[in-house]
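Asks: I'll drop the sequence and a predicted model, then ask my questions.
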Amino acid sequence: MAHPALQLERPKQAYRKPVRPHYLELNDPVPTADEIDLDTLDLVDPEIWRQNKMWDRFARLRREDPLHWTPESVVGPYWSVTRYKDVMTIDTDHTRFSSDARNGGIVLGAPAPEFQATSFITADEPVHSIQRKTVQPGVAPNMLREYEPLIRGRTQKLLDSLPVGEPFDWVDTVSIELTAMMLATLLGYPQERRRELTHWSDVTTNPFDRDICPGGKEQWIRELGECLTTFSNVFEERKSSPPANDLMSLLAHGSATNNLTSQELLGNVLLLIVGGNDTTRNSMSGGLYALNTYPEQYAKLKADPSLIPNMVAEMIRWQTPLSYMRRTALEDVEMHGKTIKKGDQIAMWYISANRDEDFWQEDPNRLIIDRAQARNHLSFGFGIHRCVGNRLAELQLRILWEEILERFEHIEVIEEPNFTANSFVHGYTWLPVVCHGKG
């Protein structure tokens with residue numbers, strides 16, 4: 001991808017890959033989907049995700065085994081649902097399939113006994129909607145109108161600071177920075193400490209990644225304890241202050257949330273941190289990577305910037321920043337000639353549904369920025385648990401690309417990215433780019 005001249009001019013320090021521990025270095029490539037027995041296929045294997053080799057596995061399951069049983073894995077036995085219509089069926093059936101933390105929550109595996117964190121996303125009705133309504137005003141249309149000039153000003157300032165003709169890491173410099181600033185604003189958290197929020201998000205979703213938690217489970221417990229202590233203080237401070245529109249104030253003054261237990265507070269804080277960080281952050285990186293992967297779409301965008309709103313939806317579909325959500329069966333359910341037993345855990349693979357050939361009319365593996373169906377993606381979930389901040393995420397992405405087109409002729413990805421070793425958050429840890437100015 002890179003221009004030879006830029007290769008010669010790159011500062012060595014700027015271009016060098018982040019040093020990764022030996023145990024995360026790429027060893028033998030994972031086998032292809034056709035080389036493995038379906039009975040042994042385990043989609044939560046982190047190496048599949050770090051090597052970005054899950055796509056053919058999902059395609060094979062959609063064709064041959066759309067309701068797939070994995071009897072053994074690090075998260076225990078689980079079902080995989082991979083077709084669009086089946087994911088929709090389960091995601092909208094809150095009578096037979098539970099999100100409640102007491103039944104296992106939204107992530108595969110048994111919850112750690114040290115932190116039985118609960119939140120409105122890990123609650124069934126009526127608790128879910130009661131608590132969800134408490135924070136909805138923080139991302140309501142009137143707040144989005146208030147946030148838009150703030151987001152645009154920050155985006156302009158950051159993009160104006162980027163080097164032209166020199167390589168840098170897009171993930172850390174742009175994606176993390178912009179989302180951390182917005183997340184701190186949403187929570188009423190000090191901007192100078194915004195990277196703490198990013199770190200807690202990474203710790204929450206990557207407890208076994210030794211790049212993030214080199215101290216293992218002990219470090220994970222300690223850091224989540226620090227997060228709880230910090231936000232317990234914030235929560236009490238908001239209680240004693242006049243009501244405001246930041247999410248912590250809304251929780252502190254909400255009739256359904258002002259007496260949260262420690263675990264309920266931690267659960268809701270982590271939900272807001274992860275939800276406010278990972279979806280937008282990885283779509284910012286994934287969208288740029290996708291446009292470089294399909295340069296004809298980048299050219300189409302430059303020729304017609306009015307496509308940006310639809311492109312944003314298509315980027316979120318193509319990326320699918322949260323790969324799945326778990327549900328737990330509350331009764332025996334028949335599907336595809338098989339029986340999901342009461343108590344079984346099910347992974348609704350949004351990332352597979354968003355590539356389902358039976359639903360998407362044009363090649364679902366390609367980014368097509370004027371795709372007619374783009375807004376039908378399942379990246380935000382569906383039904384009562386649909387992402388509460390989805391419009392804010394779209395706003396941030398729209399503004400980013402409006403401002404990019406104002407400043408740069410092209411942003412070039414100069415090497416393949418590093419992906420997260422995580423089956424829940426589909427993301428990037430490193431994306432080296434070079435910005436090319438106009439004129």
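Replies: It's in. Numbers count the residues shown, from 1 in each chain.
Asks: what's the spacing between Asn142 and Pro309?
Replies: 20 Å (CB to CB, to the nearest Å). Just so you know, the C-beta spots here come from the backbone N, C-alpha and C atoms, and that holds for glycine as well.
Asks: these two: which is more packed in?
Replies: More crowded of Asn142 and Pro309, by other CB atoms under 10 Å: Pro309, with 15 against 9.
Asks: next one: the helix or strand Val434 falls within to chain centre, how far?
Replies: Using DSSP states H and E, the element containing Val434 is strand 432-437. Offset of strand 432-437 from its chain centre (CA atoms, centre = their mean, to the nearest Å): 24 Å.
Asks: go on, stretch 349-368?
Replies: 18 Å.
Asks: list the buried ones in that stretch?
Replies: 349-356, 359-360, 364, 366-368 (16 or more other CB atoms under 10 Å).
Asks: give me the contacts around it.
Replies: 43, 54-55, 58-59, 61-62, 80-88, 290-291, 293-294, 297, 314-315, 317-318, 320, 322-325, 371-374, 376-379, 381, 426 (CB atoms under 8 Å, 6 or more residues apart in numbering).
Asks: over to the nearest residue to Glu47 once chain neighbours are set aside. Which of the three states is it?
Replies: Nearest in space to Glu47, with sequence neighbours left out and distances taken as CB to CB, 6 or more residues apart in numbering, is Val30 at 5.8 Å. Here Val30 takes the coil state, with states given by DSSP: H, G, I helix; E, B strand; the rest coil.
Asks: same question, Met315
Replies: helix.
Asks: doesn't Gly287 make contact with it?
Replies: Yes. The criterion here is CB atoms under 8 Å, and Met315 meets it with Gly287 at 3.7 Å.
Asks: what strand or helix carries Asp56?
Replies: Using DSSP H and E, Asp56 falls in helix 55-64.
Asks: output that helix as PDB, nothing but the C-alphas.
Replies: Extracted C-alpha coordinates of helix 55-64, given in PDB (Å, rounded to 0.1, in the frame of the first residue of the first chain):
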ATOM      1  CA  TRP A  55     -14.700 -15.200   8.600                       C
ATOM      2  CA  ASP A  56     -14.600 -18.600   6.800                       C
ATOM      3  CA  ARG A  57     -15.700 -20.300  10.000                       C
ATOM      4  CA  PHE A  58     -18.800 -18.200  10.200                       C
ATOM      5  CA  ALA A  59     -19.500 -18.700   6.500                       C
ATOM      6  CA  ARG A  60     -19.200 -22.500   6.900                       C
ATOM      7  CA  LEU A  61     -21.600 -22.500   9.900                       C
ATOM      8  CA  ARG A  62     -24.100 -20.400   8.100                       C
ATOM      9  CA  ARG A  63     -24.100 -22.900   5.200                       C
ATOM     10  CA  GLU A  64     -23.800 -26.200   7.100                       C
END
